[in-house]
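Trainee: have a look; sequence and predicted model below, questions after that.
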Amino acid sequence: MQKLEPRSRKVKVLATVGPASRSPEMLEKLLVAGADAFRVNMSHGEHADHAATIKAIRELEKTSGRPISILADLQGPKLRVGRFKDGQAVIRHSGHFTLDRDPAPGDETRVELPHPELFGILQKGQRLLINDGKIRLKVIKADEDAILCSAEVGGVISDRKGVNVPDAEVPIPALTEKDRRDLAFAVQQGVDWIGLSFVQRPEDLAEARKLMGGYGALCAKIEKPSAVKRLAEILEMSDGIMVARGDLGVELDPEEVPPLQKKIVDLARNAGKPVIVATQMLESMIESPTPTRAEVSDVANAVYDGADAVMLSAETAAGDWPVESVAIMSRIATQVERDDAYIGRVRYLDTPPDRTTADALAHACMTIADTVAISAVVVFTGSGSTARRVARERPSVPMLVLTPSVKTARRVGLLWGATAVATKDIGSFEEMIAKGKRMALRHRFGKAGDKLIALAGVPFGTPGSTNLLHVVTLTGDELKRHVSNDA
């Protein structure tokens with residue numbers, strides 16, 4: 001394929017890969033249509049399928065000339081009921097129904113709940129939601145062997161349907177044995193982000209961190225009310241956050257989710273960590289070539305809120321219109337960012353810089369770009385931390401991230417406004433200015449006469465040393481110089 005031009009859009013589009021999109025040809029179409037990063041859902045498919053997908057994305061990375069971020073999303077400890085005699089049963093409205101530890105097939109009065117950790121922790125009045133909340137049970141009595149419930153909302157229940165427990169913190173680890181195997185596979189495959197599902201407490205992230213062995217970045221998926229209560233601590237332990245609205249919408253009343261989404265986005269932005277808004281964004285496009293107007297507004301609101309990325313799930317993984325889903329999401333975000341009020345809206349959140357030189361300089365990038373005609377901020381970074389600081393301020397111009405680390409270049413693929421290029425490191429101030437100019441011209445972040453902000457740290461190559469900001473003017477002849485040194 002042809003080398004892709006840099007996108008003008010700052011918000012990133014994260015597309016889930018599945019049966020409808022895992023072929024190399026379809027992945028290329030999704031990238032051209034507007035996908036910036038890809039999600040591999042470990043809940044479905046075999047390791048061999050995922051390995052082929054990851055290999056295809058890495059090949060696409062080479063031919064497109066841009067680093068591509070891959071997020072491996074772990075399944076997490078999904079709670080499920082057992083099996084029924086006839087594959088299903090009907091729970092009567094207002095009737096009684098028991099969840100117990102008996103492995104015998106269930107009927108209209110009872111079924112096995114093969115999760116011993118739930119027995120003894122549930123209390124009278126707490127809720128159990130089955131099949132994404134379609135069946136709602138309220139606990140009457142719970143002991144070590146059985147949970148007697150009243151059906152607030154009955155209906156058909158079938159084998160292995162999921163169970164949500166919104167009113168209690170369930171004493172189970174965030175990583176199952178399957179998750180451990182999947183995480184080891186993902187690290188071995190060199191993915192850039194690990195998505196940790198059903199996080200309830202900050203301690204849940206510790207084991208994942210240990211198993212990752214310092215490789216990759218950790219994204220905590222917020223989908224349980226217990227996680228919301230400890231969100232600040234979870235943010236501190238993670239590298240990014242995903243607002244997973246599907247399970248949040250099951251365990252909370254629907255009207256609670258929109259303000260909570262805004263709260264999570266705000267907290268993540270204040271922490272300077274990327275935040276992804278996910279689930280049911282263009283749900284109707286699983287079957288329809290066009291979204292509903294409400295879905296368009298939903299995506300637009302996430303962009304106005306300042307999310308770093310918006311995610312497509314089944315729309316691209318299994319839907320009939322994966323390319324169209326990516327294209328319309330990209331167009332929605334682009335249109336929002338063209339709104340004259342956009343920058344003001346994403347900056348409604350006050351993100352005062354920490355009392356560090358690096359934060360002060362990142363903040364200065366924003367104010368300089370607002371005051372002087374600047375075409376881009378060129379950030380030199382090894383770990384990506386300087387790029388995160390600049391993105392936190394939501395500058396009005398794009399950010400070109402230059403890094404000697406391919407891993408860092410891929411990881412910032414979910415960061416607002418960032419376009420990353422893996423290139424040789426710099427060793428002097430003069431080299432920094434010359435390379436910044438050349439790379440900005442080469443990747444079309446400016447033209448002759450434009451001004452750039454260059455941000456770096458001295459001594460060069462030292463992590464956490466951001467202490468240098470310089471405004472430079474492009475003259476147009478930098479591109480001709482030392483091109484062979486910019487590998």
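Mentor: Nice, I can see it.

Trainee: contacts, neighbours, all on C-alpha from now
Mentor: Fine.

Trainee: show the end-to-end separation of stretch 231-247, please.
Mentor: 16 Å (C-alpha to C-alpha, to the nearest Å).

Trainee: and for stretch 138-155?
Mentor: Stretch 138-155: ends 14 Å apart by C-alpha to C-alpha.

Trainee: can you give the contact residues for it?
Mentor: Contacts with stretch 138-155, where a contact means C-alpha atoms under 8 Å, 6 or more residues apart in numbering, come from 90-101, 119-120, 122-128, 134-137.

Trainee: narrow those residues to just the buried residues.
Mentor: The neighbour-count criterion (16 or more other C-alpha atoms under 10 Å) marks 91-92, 96-101, 119, 122-123, 126-128, 135-137 among the contacts of stretch 138-155 as buried.

Trainee: identify those among the contacts of stretch 138-155 that sit within strands.
Mentor: Val90, Ile91, His96, Phe97, Thr98, Leu99, Asp100, Arg127, Leu128, Ile135, Arg136, Leu137 (DSSP state E).

Trainee: how far away is Gln2 from Pro322?
Mentor: 21 Å.

Trainee: those two: which has the busier surroundings?
Mentor: Using other C-alpha atoms under 10 Å as the criterion, Gln2 and Pro322 rank with Pro322 on top: 29 against 8.

Trainee: SS state for the residue nearest to the more buried one when sequence neighbours are not counted?
Mentor: Excluding the flanking residues, the one nearest Pro322 by C-alpha to C-alpha, 6 or more residues apart in numbering is Thr316, at 4.1 Å. What DSSP: H, G, I helix; E, B strand; the rest coil gives for Thr316 is helix.

Trainee: Ala461 and Phe380 touch, don't they?
Mentor: Actually, residue 461 is Gly. It isn't Ala. No: between Gly461 and Phe380 there is no contact under C-alpha atoms under 8 Å: 9.2 Å.

Trainee: between these two, who's got more neighbours?
Mentor: Phe380 (25 against 18).

Trainee: strands of the stretch 151-300 of the chain, residue ranges please.
Mentor: Remark: strands assigned in the stretch 151-300 of the chain by DSSP state E, counting those that start in this stretch are 155-158, 162-164, 193-196, 217-222, 240-244, 275-278.

Trainee: by contact count, what packs against the longest one?
Mentor: Read that as strand 217-222. strand 193-196, strand 240-244 (3 or more C-alpha pairs under 8 Å, 6 or more residues apart in numbering; DSSP states H and E).

Trainee: Asp182: which of those is closest?
Mentor: strand 193-196 (10.1 Å; C-alpha to C-alpha).

Trainee: can you pull out the helices in the stretch 251-400 of the chain?
Mentor: Taking DSSP state H, counting those that start in this stretch to define them, one finds helices in the stretch 251-400 of the chain at 257-271, 293-305, 314-317, 322-338, 342-346, 357-371, 385-392.

Trainee: give me every residue that touches Gly240.
Mentor: Applying C-alpha under 8 Å, 6+ apart, the residues near Gly240 are Ala217, Leu218, Cys219, Ala220, Ala268, Lys273, Pro274, Val275.

Trainee: repeat that for 10 Å
Mentor: The contact partners of Gly240, by C-alpha atoms under 10 Å, 6 or more residues apart in numbering, come to 193-195, 217-221, 234, 268-269, 271-276, 308, 414-415.
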